[in-house]
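below: sequence and its predicted model.
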Amino acid sequence: MSKRILAAATAAAAMLLSAVPATAVAAPVSAVATSPVLGDVIPSGFGDVVFYGVPVQIPQLTETTFGIMAGARDAAGGLTNLVATNETSGSDKAPGFHAVSGGMTVNGHEVPAFGYYYGPAAKITGRIWGTTGVAHQARWSEDPNVVVFWFDPGVADPENLQAFDAAGTELPAGDTGVGHG
């Protein structure tokens, strides 16, 4: 199953993504989050960067209903959208990795490589500069089968992504490719 990062439109259209073709690729966005945020906002632990679910309504993507947004939270708690990623081929809830975005700087915010895994991932790893690194991760409150993951900002994009359950058994890979805007 293939994924690509979709460019989000500005303002309210940013979350609806209704007119973006299925073959669109990632692009940073910098609209204030004005449409629904799905589930809890997940802090990255790195400055003001956060992750949150967003609705996706694209007629060509009948099996995709949500995406993950990297955003920035200001001191007053407001959110600014930075870059959105979602599944573009097949079900957004098939077991495995989905919508992996490479790290990038957007409007002065260092957005790390991130994506999501659908399934019981207790540990996610990737090869970074020849060493295996462990991703930070959090279960999404909207659907606990979705594990949002991210690596430290400023490192190389992860390769050879792997997910493991609580017993250490490797889980299905899904789409481990990394997209860029």
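Nice, I can see it.

where's the spatially most central residue of the chain relative to residue 108, distance?
Centrality entry for the chain: nearest residue to the mean C-alpha point is residue 115, 3.3 Å, by C-alpha atoms, centre = their mean. The gap separating residue 115 from residue 108 is 22 Å, by C-beta to C-beta, to the nearest Å. C-beta coordinates here come from the backbone N, C-alpha and C atoms, glycine included.

cool, residue 46 as well?
To residue 108, residue 46 is 13 Å away according to C-beta to C-beta.

which one's more surrounded, those two?
Set side by side, residue 46 and residue 108 show unequal neighbour counts under other C-beta atoms under 10 Å, the larger going to residue 46 at 16 against 6.

for the more buried one, which non-adjacent residue is closest in space?
For residue 46, ignoring the flanking residues on the chain, the nearest one in space by C-beta to C-beta, 6 or more residues apart in numbering is residue 153 at 5.4 Å.

tell me the contacts of the closest residue in space to residue 180 that isn't next to it in sequence?
Distance criterion C-beta to C-beta, 6+ apart; nearest residue to residue 180, sequence neighbours excluded, is residue 102 at 4.6 Å. Listed by C-beta atoms under 8 Å, 6 or more residues apart in numbering, the contact set of residue 102 reads 113, 157, 178, 179, 180.

closest one of the residues you listed to residue 63?
Distance to residue 63, by C-beta to C-beta, is smallest for residue 179 among the contacts of residue 102, at 18.2 Å.

and that closest one, how far from residue 157?
In this view, residue 179 and residue 157 are 10 Å apart by C-beta to C-beta.

give me the pLDDT for residue 4.
The score at residue 4 is 33. That number is its pLDDT.

now residue 13
Looking at residue 13, its pLDDT stands at 29.

which secondary structure state is assigned to the nearest residue to residue 176 once chain neighbours are set aside?
What sits nearest to residue 176 in space, not counting adjacent residues and going by C-beta to C-beta, 6+ apart, is residue 161, at 4.1 Å. For residue 161, the assignment made with DSSP: H, G, I helix; E, B strand; the rest coil gives strand.
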